[in-house]
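Undergrad: Sequence and predicted structure below; questions after.
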Amino acid sequence: MSQAYVNQSIENNIGYITFFTPEHNAMPSPILKQLELAIKDAGKNDDIKVIVLKSGGERTFCAGASFTELVAINNLEEGKRFFSGFANVINAMRKCPKLIIGRVQGKAVGGGVGLASVTDYCLATKFAAIKLSEISIGIGPFVIEPAVTRKMGQTAFSQMTIDAESFFTAEYAKEKGLYANVFDTVEALDDAVDSLAAKLASYNPEALLELKRVLWEDTNEWCVSLLERAEISGKLVLSDFTKEKLKSYK
């Protein structure tokens, strides 16, 4: 698995969307765009009743933004465009008419926490610690903040953001509402994900659609506000402080 990809498959009316990059599943712009389109496509596919979002690899669900791409950003337009990729994925997920189950097998950092937060129901392993590290490199988790705060609360978001260099355990994430349950092994996680997805796929699709609408009501402003947040992050990534920090990742 050396090449980045976003794959989609359908099994028993369950749509599985899997993303992978060699950089611990860090997300560059092309993969973010592919993920956005895959979610939109699954939402329109009548053969899919429920979606499972997962990543390839073992101990990392998603390392957030691609540092390789962050280092290469040279102007505000490029910066806003990159962070808008996360905004567009989040908006695609919340607007998707199908329920999305998150399958988090390992660590989630930055944007990875955002992806987990915007799933409708998220299951994880005990290895799925979380971290919001953005402030430590001079930017901030501004695009994902509404999703994380909505799922985990303002106190948890501020604690993780300020203690930016610490991982918080999967049990902490469960306690704060990010994960519905935590399992000891990936095998147990997969069994639980597949079992839940099968049950949901057998339910009344009209009821599931109405539930999705209820779960995400009062978030329509995210279409605008997340892009505004992307511009803030795009500006900060150009700062002397951040550029100096990112030099160590070249």
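TA: Sure thing, it's come through.

Undergrad: quick one, helices of this protein?
TA: Taking DSSP state H to define them, one finds helices in the chain at 29-44, 67-72, 76-95, 111-118, 145-152, 154-162, 170-175, 186-201, 205-215, 222-236, 240-246.

Undergrad: Return the most buried member of these.
TA: When the helices of the chain are scored by mean count of other C-beta atoms under 10 Å, the highest mean neighbour count falls to helix 111-118 (a mean of 27). Where C-beta positions appear, they are placed from N, C-alpha and C, glycine not excepted.

Undergrad: could you give me the average pLDDT of that helix?
TA: For helix 111-118, the mean per-residue pLDDT is 98.

Undergrad: before we move on, what about stretch 79-86?
TA: Per-residue pLDDT over stretch 79-86 has a mean of 96.

Undergrad: And the contacts of it?
TA: Judged by C-beta atoms under 8 Å, 6 or more residues apart in numbering, the contacts made with stretch 79-86 from elsewhere in the structure are 27, 29, 32-33, 36, 65, 69-70, 73, 111, 114, 143-144, 226-227, 229-231, 233-235, 237-238.

Undergrad: Pull the contacting residues for Ile232.
TA: Residues near Ile232 by C-beta under 8 Å, 6+ apart: Gly140, Phe142.

Undergrad: Which residue, other than its chain neighbours, is closest to the residue positioned nearest the centre of the chain?
TA: The centroid of the chain falls nearest to Leu115 when counting by C-alpha atoms, centre = their mean (1.2 Å). Taking C-beta to C-beta, 6 or more residues apart in numbering, and ignoring the residues beside it in sequence, Leu115 has Cys62 as its nearest neighbour in space, at 5.8 Å.

Undergrad: Could you tell me how many residues sit around the one you found?
TA: Neighbouring residues of Cys62 were enumerated by other C-beta atoms under 10 Å; the total is 26.

Undergrad: from what I can see it touches Gly102, true?
TA: No. In this structure, Cys62 is not within contact of Gly102 by C-beta atoms under 8 Å, at 10.3 Å.

Undergrad: can you list residues touching both of those two?
TA: Overlap between the contact sets of Cys62 and Gly102, as judged by C-beta under 8 Å, 6+ apart, is given by Leu115, Ala116.

Undergrad: Provide the partner residues of the closest residue in space to Lys174 that isn't next to it in sequence in its beta bridges.
TA: Counting by C-beta to C-beta, 6+ apart, the nearest residue to Lys174 once its immediate chain neighbours are dropped is Val182, at 5.0 Å. The partner list for Val182 in beta bridges (DSSP bridges) reads Ala124.

Undergrad: Number of residues surrounding Val182?
TA: A count of neighbours around Val182, defined by other C-beta under 10 Å, yields 20.

Undergrad: That one: what's it in contact with?
TA: Under the contact definition (C-beta under 8 Å, 6+ apart), the residues listed for Val182 are Leu123, Ala124, Thr125, Lys126, Ala128, Ala170, Glu171, Ala173, Lys174.
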